[in-house]
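Enquirer: coords please:
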Amino acid sequence: MKEGEVSLVKFVFWLSFFVILYTYIGYPLVLSGWRSLRRQKVNKREILPSVSVIVAAYNEERVIERKLKNLFGLDYPASLMEIIVSSDGSTDQTEAKVSRWKEQYPNGPSLLLLTAPAHVGKAAALNRAVARARGEILVFTDARQTLDRKAAAALVSNFADDRVGAVSGELILVDRPGGEGASGVGLYWRYEKWLRKMESDVDSMLGATGAIYAIRKSLYDPIPAETILDDVLIPMQAVFKGYRTVFEPNALAYDFIAKRTENEFARKVRTLAGNYQLLWGTDALRSWRRNRVFIQYFSHKVARLVVPFMLILLLFSNLFLMQGVYLIFLWLQLAWYGLALLGGVSNGKIDPKTT
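Expert: Below is the predicted model of the structure:
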């Protein structure tokens, strides 16, 4: 190659390398230093606002009764709490089981079942539920996870601070017997929670955990029907309106790690698609004027969308640079991808007959 071409390839190589390095190491270090300089506390105290707990459900007959039992057992005054199950066109026994539960336990919290003639998506189910909700605080939770008894009280204590508009709880992942990939998922999730906690301390989280989060009803705007990541868009509504979205470590939800690695892979693909959707479909996220956590959003979310392309550029540019330190980089990359391939085969995610 000519000297100019070599310089260009080196530029591409190092640009790719530093984007990847910043995304997973540089940004956390910057965030940690930022937090040490301007950590913002939340003025929490025990308060008892009216609460609407919303569960969007689609064919959840296996878990819906367990979920209702869990919600009815929350340590929060029944007179101040309503539970709304918004069925998104369920075709199994979900709706029948909710109706029977309402008849069997009339003295618990108010239980409202909303139905839809067809399955149109979770976002529409949430919008229907919020339109009927009477609580000052909206608590969103999925049907599958189990909440700690004090989760609701822990969430709402943050709303004693007038600057707080939304609150995320913490999801605890538990491995089940025979589960696959538990260590990898657990390590990634701990890293992710560490980042979210630091972002909350600096200003606001970039979304919440879908298993348990809350927002002031006055801040909720109906979300587009095609929304994939409601647990990002809804909490960010509070940020766009000048409020904080904070992390509450005592509002716990429990869930099993995906039994098979392909289930976890499918979840990550869905999350990736949802982040692309929000990036291109939500103007406020891309505006540094309207999104005061723009730097965090770019570093945490957008940079991760770019990383796969940077990995490709890093490898291909390295193929043209095979001397000195560049040769070491190439061998490290090949070893990394080889180990990833072996891991995929050993976990059954990749069929060796097709490779």
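
Enquirer: so where's the stretch 151-300 of the chain uncertain?
Expert: 176-186, 258-264 (pLDDT under 70).

Enquirer: got the contact list for D75?
Expert: 149-150, 152-153 (C-beta atoms under 8 Å, 6 or more residues apart in numbering). (Each C-beta comes from the backbone N, C-alpha and C, glycine too.)

Enquirer: among these, which lie within helices?
Expert: If you go by DSSP state H, the contacts of D75 have 152-153 in helices.

Enquirer: stretch 162-175: which residues count as buried?
Expert: With burial defined by 16 or more other C-beta atoms under 10 Å, the residues of stretch 162-175 counted as buried are 164-171, 173.

Enquirer: please produce a markdown table containing those residues, extended by distance to R132.
Expert: Below are the buried residues of stretch 162-175 laid out as a markdown table (distance: C-beta to C-beta, whole Å):
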| residue | distance to R132 |
| --- | --- |
| V164 | 24 |
| G165 | 21 |
| A166 | 20 |
| V167 | 22 |
| S168 | 24 |
| G169 | 23 |
| E170 | 28 |
| L171 | 27 |
| L173 | 32 |
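
Enquirer: ranges for the helices of the stretch 201-350 of the chain?
Expert: Listed in chain order, the helices of the stretch 201-350 of the chain (DSSP state H, counting those that start in this stretch) span 230-240, 261-281, 283-286, 294-297, 303-318, 325-346.

Enquirer: now the angle from the longest one to helix 303-318?
Expert: With axes from the mean of the first three to the mean of the last three C-alpha atoms, to 10 degrees defining the directions, helix 325-346 sits at 120 degrees from helix 303-318.

Enquirer: I'd like to know which elements helix 325-346 is packed against.
Expert: If contacts are counted by 3 or more C-beta pairs under 8 Å, 6 or more residues apart in numbering; DSSP states H and E, helix 325-346 sits against helix 3-21, helix 303-318.

Enquirer: of all the ones you listed, which one is nearest K122?
Expert: Closest to K122 of the helices and strands packed on helix 325-346, according to C-beta to C-beta: helix 303-318, at 22.1 Å.

Enquirer: quick one, the closest one and helix 261-281 angle?
Expert: 100 degrees.

Enquirer: buried residues, helix 303-318. List them.
Expert: Those would be 303, 307, 310-311, 313-315, 317-318, for helix 303-318 by 16+ other C-beta under 10 Å.

Enquirer: now stretch 327-335
Expert: For stretch 327-335, by 16+ other C-beta under 10 Å, it's 329-330.

Enquirer: mean confidence for that stretch?
Expert: In this model, stretch 327-335 has an average pLDDT of 94.

Enquirer: ok, residues contacting it?
Expert: Taking C-beta under 8 Å, 6+ apart as the rule, stretch 327-335 contacts 13, 17, 314-315, 318-319, 321-322.

Enquirer: make JSON lines out of the helices and strands packed on helix 325-346 and add mean pLDDT.
Expert: Output for those, formatted as JSON lines (pLDDT from 0 to 100):
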{"stretch": "helix 3-21", "mean pLDDT": "93"}
{"stretch": "helix 303-318", "mean pLDDT": "95"}
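
Enquirer: got TSV for the ones you listed, with distance to L272 too?
Expert: Formatted as TSV, these follow (distance: least, C-beta to C-beta, whole Å):
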stretch	distance to L272
helix 3-21	16
helix 303-318	7
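
Enquirer: on that earlier part again, got the helices of the stretch 201-350 of the chain as TSV, with distance to Q145 columns?
Expert: Converted to TSV, the helices of the stretch 201-350 of the chain look like this (distance: least, C-beta to C-beta, whole Å):
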stretch	distance to Q145
helix 230-240	12
helix 261-281	14
helix 283-286	26
helix 294-297	26
helix 303-318	24
helix 325-346	28
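
Enquirer: so which of those helices is nearest L31?
Expert: Of all these, helix 294-297 sits nearest to L31, with 7.5 Å by C-beta to C-beta.

Enquirer: pull the longest strand from this protein.
Expert: strand 244-256 (DSSP state E).

Enquirer: angle of that one against helix 230-240?
Expert: Using the same axes, to 10 degrees: strand 244-256 against helix 230-240 is 170 degrees.

Enquirer: centre of the chain to strand 244-256, how far?
Expert: Centroid displacement of strand 244-256 relative to its chain, using C-alpha atoms, centre = their mean, to the nearest Å, is 11 Å.

Enquirer: any buried residues in it, and which?
Expert: 244-248, 251-254.

Enquirer: ok, those residues vs A131, which is closest?
Expert: Distances from A131 to the buried residues of strand 244-256, taken by C-beta to C-beta, are shortest for T245, at 22.3 Å.

Enquirer: so the closest one touches Q237, yeah?
Expert: No: using C-beta atoms under 8 Å, T245 is not in contact with Q237; the gap is 9.1 Å.
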